[in-house]
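>>> The sequence isn't on hand, but the structure is:
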């Protein structure tokens, strides 16, 4: 047990020059535990372990070290930079280094594939329960969390096992573990996710919950059989790392004001559209967070529940037990809700229930897969929703994409290339003073990538009388564009942010290339 009276606070942090770890002390805990707890044993003094920690008041972490080391500990606060350096010097703790130590000699590819097929379930269990293998898998996950990855991909190929982290929407390949560790790594992840390791020829889903630096992390695990073994994807949901705020997501003030008007409505339907991974659910969560009031009954039905919202009743879809979006929405309406969020409108049954709920005094939020905001009404009409009903309830549509934020610490101006200039309209080019855009050459803060974090590109259309008339008359897409009139498109919103140095113009063009430009917009 740590002695609170001897704990050094961050205000009285240890002198970095005095941070010298004794090898006998560091051997008392393993590399994975040190990285996970952000703690490094320094030395043993008088039967007590002096422990460098990022948060010396984290008694749960200190207790864990005390149990592992078999002696009481005295925590001392160390700032993040010196502690990270101490971890590297002491343990050399990277998944790549540990995989190399576990490597050994790889077998020939044909022999290896044959052996992978022949491994029995009991053997997989034994391999997956080896302490060094457990530490390796833990380090792969912990490094992904530390680097802000949203997903970890473990992909089997003929001669290698690839590990990739998706950071800010882009897959970045990591050093590959030895191919012969593939069955053990895959089995360990499946054991953590509560999955059947004996079943290797059918897709499976699992769930892992863990704590990292005092934060609760949820991981959704998915496996599918491929030609050379099971491909594993772990979706990391770090509930405390994301700010559910419209401004933090990159929404400009004019759009936030319009969104607030939609949030304040007593009833109606608000849609957020875009492809998978464009941040639709996060935007709706931010809207519900802004909307929350103890006097309101707010219920969501999602597939799956990605973040827990305080004060909101959240229902996960469970098709195996007959709980679909449509059936769940019917039950929700018997719960006397004021506000309902439907994770996605996938079929006519869900769409019709949602529309009728909006007609009967409920405020409905949902998502839809369309390339832009103008197409949302047409998609619902194509599903079979009655035009006169949809025109009565649809209050607004927000379409969005995500792009990477240029690193604000190392960003520098650079001239727009001729290729980019040809892709921009005259009014867009005029936004860039002196024809200069921005780039991130890379620095320590962004780990040499030049980008850190993501920003949304939004287009918001509020339903006006001409739009309602166009929906009721089920007009063509071209006539619908005329009814909508001029508005700021996602691309235009992105160009504004690129000119301000929030992102790069290349990111804007990449993220919005599939979004049709319906009409030339007014300069903003």
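Nice, thanks for sending it over. Keep in mind it's a predicted model, so treat the numbers as computed, not measured.
>>> all contacts plus neighbour counts: C-alpha atoms, from now on.
OK.
>>> so where's this structure uncertain?
For the chain, the stretches with pLDDT under 70 are 1-18, 92-125, 127-128, 516-524.
>>> List the buried residues in the longest helix along the chain.
Using DSSP state H, we find that the single longest helix of the chain is helix 131-146. For helix 131-146, burial by neighbour count (16 or more other CA atoms under 10 Å) applies to 132-145.
>>> One more: stretch 43-63?
43-44, 48-57, 61-63.
>>> Identify the residues contacting stretch 503-519?
For stretch 503-519, contacts defined as CA atoms under 8 Å, 6 or more residues apart in numbering pick out 371-372, 374, 401-406, 420, 437-439, 455, 481, 485-486, 489-491, 494-495, 497-499.
>>> Now name the helix or strand holding the spatially most central residue of the chain.
Residue closest to the mean C-alpha point of the chain, counted by CA atoms, centre = their mean, is residue 150 at 4.2 Å. If you go by DSSP states H and E, residue 150 is part of strand 149-156.
>>> Which strands or helices does the helix or strand where residue 64 lies pack on?
Secondary structure from DSSP H and E places residue 64 in helix 59-69. Applying 3 or more CA pairs under 8 Å, 6 or more residues apart in numbering; DSSP states H and E, we find helix 59-69 packed against strand 73-77.
>>> The helix or strand following the strand it packs on: how far from the chain's middle?
Of the helices and strands lying after strand 73-77 in sequence (DSSP H and E), the nearest is helix 80-91. Remark: helix 80-91 is offset 27 Å from the chain centroid, using CA atoms, centre = their mean, to the nearest Å.
>>> Also stretch 491-499?
23 Å.
>>> Spit out the contact partners of the residue lying closest to the residue nearest to the centre of the chain once chain neighbours are set aside.
Excluding the flanking residues, the one nearest residue 150 by CA to CA, 6 or more residues apart in numbering is residue 236, at 5.1 Å. Residue 236 is in contact with 145, 149, 150, 151, 152, 217, 218, 219, 220, counting by CA under 8 Å, 6+ apart.
>>> Could you look up the SS state of residue 236?
Following DSSP: H, G, I helix; E, B strand; the rest coil, we place residue 236 in the strand state.
>>> what bridges to it?
residue 219 (DSSP bridges).
>>> and the gap between it and residue 435?
Look at residue 236 and residue 435: by CA to CA, to the nearest Å, they are 39 Å apart.
>>> same question, residue 239
40 Å.
>>> one step back: out of the buried residues of stretch 43-63, which sit inside helices?
61, 62, 63.
>>> ok, of those, which one's closest to residue 80?
Nearest to residue 80 among those: residue 61, at 16.2 Å, using CA to CA.
>>> How about the closest one, nearest residue that isn't a chain neighbour?
Nearest non-adjacent residue to residue 61 (CA to CA, 6+ apart): residue 37, at 6.0 Å.
>>> Would you list the phi and psi of the one you found?
When read as degrees, to the nearest 10, the backbone of residue 37 gives phi -90, psi -10.
>>> which residues does it contact?
Taking CA under 8 Å, 6+ apart, we find residue 37 in contact with 61, 212, 213.
>>> give me the beta-bridge partners of the residue nearest to residue 233 when sequence neighbours are not counted?
Nearest non-adjacent residue to residue 233, counting by CA to CA, 6+ apart: residue 153, 4.6 Å away. Beta bridges link residue 153 to residue 164, residue 233 when assigned by DSSP bridges.
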